[in-house]
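Q: Fold the following for me, if possible:
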Amino acid sequence: MPYFDAASSAPLHPVAREALLASLDEGWADPVRLYREGRRARLLLDAAREAAAEAVGCRPDELVFTPSGTQAVHSGISGALAGRRRAGRRLLHSAVEHSSVLHAAEAHEAAGGSRSEIAVDRTGRVAAADVAAALGPDAALVCLQSANHEVGTEQPVDEVAERCRESGVPLLVDAAQSLPWGPVAGAWSVLTASAHKWGGPPGVGLLVVRKGTRFSPQGPLDERESGRAPGFGNIPAQVAAAASLRALRAAGEAGEAARLRGLVDRIRGRVPALVPDTEVVGDPARRLPHLVTFSCLYADGEALLHELDRAGFSVSSGSSCTSSTLTPSHVLRAMGVLSEGNVRVSLPRGTRDADVDRFLEVLPRAVRAVRERLGVPAGAGAARAAEAAGAGEAADAGGRTVDALGKRCPLPVIELAKVIGEVPVGATVTVLSDDEAARLDIPAWCAMREQEFVGEREAERGAAYVVRRRV
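A: Residues are numbered from 1 along each chain as shown. This is a model prediction of the structure:
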């Protein structure tokens, strides 16, 4: 059964498994103790730290292991902000950061700090000039992921780091998605990562604080890990994490990255042709080699994931239809792209060409089955099902109102598609909806179908979305 969700968690690397099993018998003692067992554990820990630091491109004494990538992010942000409290209390971050960064920013704001969100373009990429414009005398820290976890877009870390250096503001880079493919270049100050993203065991994160960066650890403190990751760490897991990361570097990732990029290019090129009304999102060139995300009109994300799972494929989604909160992905929302029917494919190392070919064979049937269950009429994908009636000669010249209250993604868009061809060109359709995803998906549908999104206004329940027929 092909596993296509490596961006969530990569399969355990064989080297990680071997290192984990081997170190269980040697790394169980307290590494701060001076007796034989403690010294043995300390040697393992030091060796793991050196291997991880070499792979990251930092000094061993700049790197500590944390219980998770999320813990690394929170510790990195809180420590950097505390170290800069005299300079200012404003945290800057992009609109597409991982939720761990956003939660840390919320905690900082609740404690009396402030934050600024930097917008991204339709590919999910920030502009270095926008970061520079947002910097000011009260800026304490900038947070920027090296590559996005949902759409794979790589960020201009080099350029942003240089702008931050010129302003004297540290840059924290969340490298969870990109570190498996190589070190992060640039004059960043703090870096975080998570071992299970590169095939290490879960429960191990990396926190790197470069020398010269003002940093004051917050929360529980003790003498371990420079006070930045208190508690007795899982040394066997840390050894396994470092060993697998070193193995990736030794094997050389250029060849495998190029091979997976070719497979992803095949998916990016074929999906729009195989599945009508599908939008491939993210930067087509400046992106991670193994990840592609696309959204399918008139498809329920959760139902689509279940359909693909039954066909033998494990994929992920940023669709609101798969969320317990029923709100669209903040990443897709910030990009202004379609969220319904969203599918993220992230290929693990060793993915076979035949598995990708089979996925491309299965996907159209899966989408068609979901759309049929939702009652999408044949031809609705073109959003012109009723044009043959004479461009609306018998339609209501005053436009139409569609009551989609109480209906969830993707039903409001499906109802809109059903009636848009029943009004004359130039007339409007007003969709009443209380679904949060409609705020994103209706404008995105208009852009895809060459219709005009007039705007949104408050309604007695939810909102009214006005669309003018252009074609």
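
Q: Make sure residue 364 is actually in contact with residue 277.
A: No - Residue 364 is beyond contact range of residue 277, at 11.9 Å (criterion: CB atoms under 8 Å). In short, each C-beta sits where N, CA and C put it, glycine included.

Q: Those two: who's more crowded?
A: residue 277 (23 against 16; other CB atoms under 10 Å).

Q: what about that one, distance to residue 446?
A: According to CB to CB, to the nearest Å, residue 277 and residue 446 sit 13 Å apart.

Q: what's the answer for residue 61, then?
A: In terms of CB to CB, residue 61 sits 55 Å off from residue 446.

Q: and these two? which has more neighbours close in?
A: Between residue 61 and residue 446, counted using other CB under 10 Å, the more crowded position is residue 446 (21 against 11).

Q: Could you pull up the residues touching the more buried one?
A: Contacts for residue 446 were tallied using CB atoms under 8 Å, 6 or more residues apart in numbering; they are 452-453, 467.

Q: now those residues in TSV, with neighbour count, secondary structure and pLDDT?
A: Shown next, in TSV, are the contacts of residue 446 (neighbours: other CB atoms under 10 Å; DSSP: H, G, I helix; E, B strand; the rest coil; pLDDT from 0 to 100):
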residue	neighbour count	secondary structure	pLDDT
452	15	strand	94
453	15	strand	94
467	27	strand	95
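
Q: Looking at those residues, spot the one nearest residue 168.
A: Set against residue 168, the nearest of the contacts of residue 446 by CB to CB is residue 453 (42.5 Å).

Q: doesn't residue 470 make contact with that closest one?
A: No - checked against CB under 8 Å, the pair residue 453 and residue 470 is beyond contact range at 10.3 Å.

Q: What segments of this protein are helices?
A: Secondary structure of the chain by DSSP state H: the helices cover 14-24, 36-56, 69-83, 99-110, 128-134, 157-167, 235-251, 254-274, 301-310, 330-335, 353-373, 411-419, 438-449.

Q: Dump those to JSON lines, plus mean pLDDT.
A: Formatted as JSON lines, the helices of the chain follow (pLDDT from 0 to 100):
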{"stretch": "helix 14-24", "mean pLDDT": "95"}
{"stretch": "helix 36-56", "mean pLDDT": "95"}
{"stretch": "helix 69-83", "mean pLDDT": "97"}
{"stretch": "helix 99-110", "mean pLDDT": "96"}
{"stretch": "helix 128-134", "mean pLDDT": "97"}
{"stretch": "helix 157-167", "mean pLDDT": "96"}
{"stretch": "helix 235-251", "mean pLDDT": "94"}
{"stretch": "helix 254-274", "mean pLDDT": "94"}
{"stretch": "helix 301-310", "mean pLDDT": "94"}
{"stretch": "helix 330-335", "mean pLDDT": "93"}
{"stretch": "helix 353-373", "mean pLDDT": "96"}
{"stretch": "helix 411-419", "mean pLDDT": "90"}
{"stretch": "helix 438-449", "mean pLDDT": "88"}
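
Q: now those helices as JSON lines including distance to residue 184?
A: Formatted as JSON lines, those follow (distance: least, CB to CB, whole Å):
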{"stretch": "helix 14-24", "distance to residue 184": "21"}
{"stretch": "helix 36-56", "distance to residue 184": "8"}
{"stretch": "helix 69-83", "distance to residue 184": "14"}
{"stretch": "helix 99-110", "distance to residue 184": "16"}
{"stretch": "helix 128-134", "distance to residue 184": "15"}
{"stretch": "helix 157-167", "distance to residue 184": "6"}
{"stretch": "helix 235-251", "distance to residue 184": "13"}
{"stretch": "helix 254-274", "distance to residue 184": "15"}
{"stretch": "helix 301-310", "distance to residue 184": "31"}
{"stretch": "helix 330-335", "distance to residue 184": "20"}
{"stretch": "helix 353-373", "distance to residue 184": "28"}
{"stretch": "helix 411-419", "distance to residue 184": "38"}
{"stretch": "helix 438-449", "distance to residue 184": "31"}
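
Q: between these, which one is nearest to residue 140?
A: helix 69-83 (5.4 Å).

Q: buried residues in that closest one?
A: Residues of helix 69-83 classed as buried: 69-81, 83 (neighbour count, 16 or more other CB atoms under 10 Å).
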